[in-house]
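Novice: from the sequence below, what's the structure:
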Amino acid sequence: MKYRSAILVATLLLTTAALPLHAQGFKPSKPIEFVTHTGPGGGGDVFARGIAAAMEKEGLMPVRMQVVNKTGGAA
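Specialist: Residues are numbered from 1 along each chain as shown. From the prediction side, this is the model:
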């Protein structure tokens with residue numbers, strides 16, 4: 001029974017210790033490059049552009065996300 005209490009206290013301490021990390025905001029000042037390994041029109045490109053458009057439409061990022069295609073990076 002006393003081990004349960006110790007585990008409960010340890011769990012509460014560990015979960016509350018991570019709270020200050022979430023309080024810090026990510027505020028980029030320059031456009032973010034969203035790099036994809038496919039060429040324009042490829043599956044990765046379409047997905048990356050969809051994510052970038054959704055982020056801009058919903059106002060989730062204070063700066064623009066620029067999709068950059070760097071082909072030849074696929075494994």
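
Novice: lowest-pLDDT helix or strand in the protein?
Specialist: helix 19-23 (a mean of 55; mean pLDDT, DSSP states H and E).

Novice: now do the residue nearest the centre of the chain, the pLDDT please.
Specialist: By Cα atoms, centre = their mean, the chain has its centre lying nearest to residue 26, at 10.2 Å. Note for residue 26: predicted pLDDT of 70.

Novice: hang on, it in a strand?
Specialist: No - counting by DSSP: H, G, I helix; E, B strand; the rest coil, residue 26 is not found in a strand; it is coil.

Novice: quick check: next helix or strand after the least confident helix or strand of the chain?
Specialist: strand 32-36 (DSSP states H and E).

Novice: what's the model's confidence in the helix or strand that contains residue 7, averaged?
Specialist: Here residue 7 sits within helix 2-17, counting by DSSP H and E. The pLDDT scores in helix 2-17 average 73.

Novice: stretch 52-62 now?
Specialist: 88.

Novice: give me the contacts around that stretch.
Specialist: Residues outside stretch 52-62 that contact it (Cβ atoms under 8 Å, 6 or more residues apart in numbering): 27-28, 32, 34, 64-67. C-betas here are computed from N, CA, C, even on glycine.

Novice: for that stretch, which positions count as buried?
Specialist: 52, 55 (16 or more other Cβ atoms under 10 Å).

Novice: residues contacting residue 33?
Specialist: Counted by Cβ under 8 Å, 6+ apart, residue 33 has contacts 65-66, 68.

Novice: can you put these in CSV and add distance to residue 55 and pLDDT?
Specialist: Listed next are the contacts of residue 33 as CSV, based on distance: Cβ to Cβ, whole Å; pLDDT from 0 to 100:
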residue, distance to residue 55, pLDDT
65, 6, 90
66, 12, 93
68, 15, 93
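
Novice: show me which of those are buried.
Specialist: residue 65.

Novice: okay, and which of the contacts of residue 33 map to helices?
Specialist: Judged by DSSP state H, the contacts of residue 33 include no members of helices.

Novice: which ones among the contacts of residue 33 map onto strands?
Specialist: Among the contacts of residue 33, the residues falling in strands (DSSP state E) are 65-66, 68.

Novice: alright, I will stop here.
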